[in-house]
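Visitor: just the structure for this:
(one chain, ligands or ions: 1)
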Amino acid sequence: MIEIEALTKTYDGRTVVDKVSARFAKGTLTAIVGSSGSGKTTLLRMINRLVEPTSGRVLIDGQDASRIPETSLRQGIGYVIQGYGLFPHWTAARNIGVVPTLLGWPKDRIAARVTELLQMLQLDPAEIADRYPHQLSGGQAQRIGVARALAARPDVLLMDEPFGALDPLIRRQAQRDLTRIRRQLGTTIVLVTHDMNEALYLGDAIAVMRDGRFEQFDTPDRIIRAPATPFVADLVGETGRSLRLLALHPVGSLSRAGEAEGEPVDVAASLSDALAEMIWTGRDRLPVTDAQGQRLGIVTRDDILARGRE
Ligand SMILES: Nc1ncnc2c1ncn2[C@@H]1O[C@H](COP(=O)(O)OP(=O)(O)OP(=O)(O)O)[C@@H](O)[C@H]1O
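Guide: As a prediction, the model looks like this:
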């Protein structure tokens, strides 16, 4: 768990992060969203002490981060930045292995870990391991950046606009990958983005930041239903609110007994995906199945619309 207490950063008398207190629970993903210059990156970098706080403190699993030696702090906290920061003259494998190498892991253990990470990120080690960054696509380079951050099995992962440079389709894929990986690893993640859709899709919690403060720190559902300030409401947007709400909840939350024709929808799909499928195929109910294709029941258009109006 990460706790920040009255965390503050001042540059030349100008306060850019202003007494922010929050708790990022173990194994959760918190998305910090806000406008440019609101202090998101500065806040993130105070967690791994790339930026030294002016006042306030950071606790990692109850331990004051200022008392943890900087090297072990950074090795225990993975960090992914926009542009990935890969060393251009190093292969993908060497880039991924940089922290284990610093930690003095034996070569064969590093090689095994690199292979494991490439496979977890759905990259073929035989094809990718020996490539240099300029021989990788944007999506591949992004995944190498994530693999590198995860190499030494950190408990905490900080991500600063990790998908900012990707085009929309690959970005969606990268977001799905992150969701899958974090389920697998249980890492505590704090992710900075200026995209509210991304925050709503990925976050267990969302912190909306403005002028160095958190205007609201809440679940995605509460951010949509009960924005604390006009700024938060503005970021969510009035018109898309019901669809955004539907995007947060799985089909399983409205599944009921019954019969329906045609292609089924997965129980874990979102209600907005189910509604889109109904509109596209002209149906008012869909069969619901689990991941193994087992029939579980149905979901109806009326139920989805009622949920969207709540
Ligand atoms: N080293 C520094 N010296 C002086 N001012 C700085 C420094 N780093 C950041 N700032 C200022 O602090 C403010 C917050 O910057 P920060 O990068 O944290 O914002 P951000 O919310 O991450 O913005 P963006 O989304 O544009 O990256 C900005 O006004 C920035 O100019």
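Visitor: what is the burial count for the residue of the stretch 101-250 of the chain found nearest the ligand?
Guide: Distances between the stretch 101-250 of the chain and the ligand by C-beta to the nearest ligand atom are smallest at His194, namely 5.3 Å. To be clear about C-beta, it is placed using only N, CA and C from the backbone, and glycine gets the same treatment. When neighbours are counted by other C-beta atoms under 10 Å, His194 registers 17.
Visitor: so it touches Ala31, yeah?
Guide: No: in this structure His194 lies outside contact range of Ala31 using C-beta atoms under 8 Å: 10.4 Å.
Visitor: list the contacts of the residue of the stretch 101-250 of the chain closest to the ligand.
Guide: 33-36, 40, 161 (C-beta atoms under 8 Å, 6 or more residues apart in numbering).
Visitor: just the buried members of those residues?
Guide: Buried by 16 or more other C-beta atoms under 10 Å: 33-34, 40, 161, out of these.
Visitor: what parts of this protein come near the ligand?
Guide: 11, 16, 34, 36-42, 194 (C-beta under 6 Å from any ligand atom).
Visitor: so can I have JSON lines of these showing secondary structure and pLDDT?
Guide: JSON lines is the format used below for these (DSSP: H, G, I helix; E, B strand; the rest coil; pLDDT from 0 to 100):
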{"residue": "Tyr11", "secondary structure": "strand", "pLDDT": "96"}
{"residue": "Val16", "secondary structure": "strand", "pLDDT": "96"}
{"residue": "Gly34", "secondary structure": "strand", "pLDDT": "91"}
{"residue": "Ser36", "secondary structure": "coil", "pLDDT": "88"}
{"residue": "Gly37", "secondary structure": "coil", "pLDDT": "90"}
{"residue": "Ser38", "secondary structure": "coil", "pLDDT": "93"}
{"residue": "Gly39", "secondary structure": "coil", "pLDDT": "95"}
{"residue": "Lys40", "secondary structure": "helix", "pLDDT": "95"}
{"residue": "Thr41", "secondary structure": "helix", "pLDDT": "94"}
{"residue": "Thr42", "secondary structure": "helix", "pLDDT": "96"}
{"residue": "His194", "secondary structure": "coil", "pLDDT": "87"}
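Visitor: closest one of those residues to Gly85?
Guide: Thr41 (13.5 Å; C-beta to C-beta).
Visitor: which residue comes closest to that closest one once chain neighbours are left out?
Guide: Asp160 (5.7 Å; C-beta to C-beta, 6 or more residues apart in numbering).
Visitor: wait, the one you found touches Leu44, no?
Guide: Yes: using C-beta under 8 Å, Asp160 is in contact with Leu44, at 5.7 Å.
Visitor: neighbour count for the two, which is higher?
Guide: Leu44 (22 against 19).
Visitor: helix/strand/coil for that one?
Guide: Following DSSP: H, G, I helix; E, B strand; the rest coil, the label given to Leu44 is helix.
Visitor: what's near enough to touch it?
Guide: Per C-beta under 8 Å, 6+ apart, neighbours of Leu44: 32, 158, 160, 190, 192.
Visitor: try 10 Å
Guide: For Leu44, the contacting residues are 17, 32, 50-51, 79, 81, 158-161, 190-192, by C-beta atoms under 10 Å, 6 or more residues apart in numbering.
Visitor: show the model's pLDDT score for it.
Guide: For Leu44, the model assigns a pLDDT of 95.
Visitor: buried residues, stretch 269-282. List them.
Guide: Quick answer for stretch 269-282 (16+ other C-beta under 10 Å): 269-275, 277-278.
Visitor: and the residue most central in space within the chain, how far from Arg74?
Guide: Residue closest to the average C-alpha location in the chain (C-alpha atoms, centre = their mean): Leu202, at 4.8 Å. As judged by C-beta to C-beta, to the nearest Å, Leu202 and Arg74 stand 24 Å apart.
Visitor: need the longest helix for this structure.
Guide: Longest helix in the chain, counting residues (DSSP state H): helix 168-185.
Visitor: buried residues, it. List them.
Guide: 170-171, 173-175, 177-178, 181-182, 185.
Visitor: what touches both of His194 and Ala31?
Guide: Applying C-beta under 10 Å, 6+ apart, one finds that His194 and Ala31 are jointly contacted by Lys40.
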